[in-house]
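1. below are the sequence and a predicted model; questions follow.
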Amino acid sequence: MSPELARKAKTSRARSARGERAREGLKQAALVVLERDGYHKMRIADVTQEAGVAQGLFYHYFKDLKSLTLEVLTDFAMASNDPLQIEKDVSRGDWYARIYAHNLVIVRSYAKRPGVMRCLLQLADEDEAFSGMLRENYRNQLMWLVELMPKLFPKARFRKHQALMVVYSLAGIGEGLMREYFINESKTLRAARLTVEQFAELLTTMFYRALFLQNPEEKQLEYTRNLTAMVKPN
């Protein structure tokens, strides 16, 4: 390659890197604005002001506000949904710890970005394709357990769809609780003042009890340790 061509290639890579940083800066700014103002109130000017760039630069990277919003919320929804990554520090035989690891990721998302989680639900109501992506992503988050149900409970002779319904029903209870606590900010529930870890422990303990019909080991529990006494007398 001639020196001139090498110089042009280097310049092109530098411009590309700057462009990617600028684009990512707009996406991060949009995430802040979505959390603060919500999807329906967000304006392009709000995003560029948050990013510290000229408003005209927006259209160099995004077609319109909705295309930016779709990309930002899709990235947010898809983040950290790899079971192997979530369970990387967990013993495969420790079912309480495995379920807790998954719950902790979800609870952290709700606790850190409740406004963004609200925007996810709003956009899902308005955009069929985005709604389908969210449903598929939610399904994928649960399938790791669905696939293992027949091995966990061989005597039950689970059909795949039946296992799916069981896991969905248990996980759905937790989803409803998180929405009420973090998005709707129920005063009755918020009075508990739970930490993220306590919330994840509560969900995991109840899920574990319902799934295995037994209590987790007490040494794994703090906030919910007294719930091990929830056993119906004979």
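-> Nice, thanks for sending it over.

2. any regions of this protein where pLDDT drops low?
-> By pLDDT under 70, the low-scoring segments of the chain are 1-15, 80, 234.

3. tell me the domain ranges of it?
-> Partitioning the chain according to automatic domain parsing yields domains covering residues 3-73, 79-229.

4. reformat these as CSV; add mean neighbour count.
-> Using the backbone N, CA and C atoms, a C-beta is placed for each residue, glycine as well. Formatted as CSV, the domains of the chain follow (neighbours: other Cβ atoms under 10 Å):
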stretch, mean neighbour count
domain 3-73, 15
domain 79-229, 15
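
5. element containing T205, please.
-> Per DSSP states H and E, T205 falls inside helix 196-212.

6. how far is that helix from where the chain is centred?
-> Centroid separation between helix 196-212 and its chain, computed with Cα atoms, centre = their mean, to the nearest Å, is 17 Å.

7. so what does that helix touch, helix or strand wise?
-> Judged by 3 or more Cβ pairs under 8 Å, 6 or more residues apart in numbering; DSSP states H and E, the packing partners of helix 196-212 are helix 95-112, helix 160-178.

8. which one of those lies nearest to F62?
-> Nearest to F62 among those is helix 95-112 (23.7 Å), distances taken as Cβ to Cβ.

9. dump that closest one to PDB, keeping only the CA atoms.
-> Extracted in PDB, the C-alpha atoms of helix 95-112 (Å, rounded to 0.1, in the frame of the first residue of the first chain):
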ATOM      1  CA  TRP A  95     -30.400 -24.400  42.100                       C
ATOM      2  CA  TYR A  96     -31.100 -21.700  44.500                       C
ATOM      3  CA  ALA A  97     -28.000 -19.800  43.500                       C
ATOM      4  CA  ARG A  98     -28.800 -20.300  39.800                       C
ATOM      5  CA  ILE A  99     -32.300 -18.900  40.100                       C
ATOM      6  CA  TYR A 100     -31.100 -16.100  42.300                       C
ATOM      7  CA  ALA A 101     -28.400 -15.100  39.700                       C
ATOM      8  CA  HIS A 102     -31.100 -14.700  37.000                       C
ATOM      9  CA  ASN A 103     -33.500 -12.800  39.400                       C
ATOM     10  CA  LEU A 104     -30.700 -10.500  40.500                       C
ATOM     11  CA  VAL A 105     -30.000  -9.400  36.900                       C
ATOM     12  CA  ILE A 106     -33.700  -8.600  36.300                       C
ATOM     13  CA  VAL A 107     -34.200  -6.800  39.600                       C
ATOM     14  CA  ARG A 108     -31.200  -4.700  39.000                       C
ATOM     15  CA  SER A 109     -32.600  -3.600  35.700                       C
ATOM     16  CA  TYR A 110     -35.900  -2.600  37.300                       C
ATOM     17  CA  ALA A 111     -34.200  -0.800  40.200                       C
ATOM     18  CA  LYS A 112     -31.600   1.100  38.200                       C
END
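
10. can you pull out the residues in contact with it?
-> Contact with helix 95-112 is made by 76, 79-81, 83, 86-87, 89-92, 117, 141, 145, 174, 178-179, 181-183, 196-197, 199-201, 203-204, 207-208, 212, 216-217, 220, as judged by Cβ atoms under 8 Å, 6 or more residues apart in numbering.

11. that helix to helix 160-178, inter-axis angle?
-> Between helix 95-112 and helix 160-178, the angle comes out at 40 degrees (axes from the mean of the first three to the mean of the last three Cα atoms, to 10 degrees).
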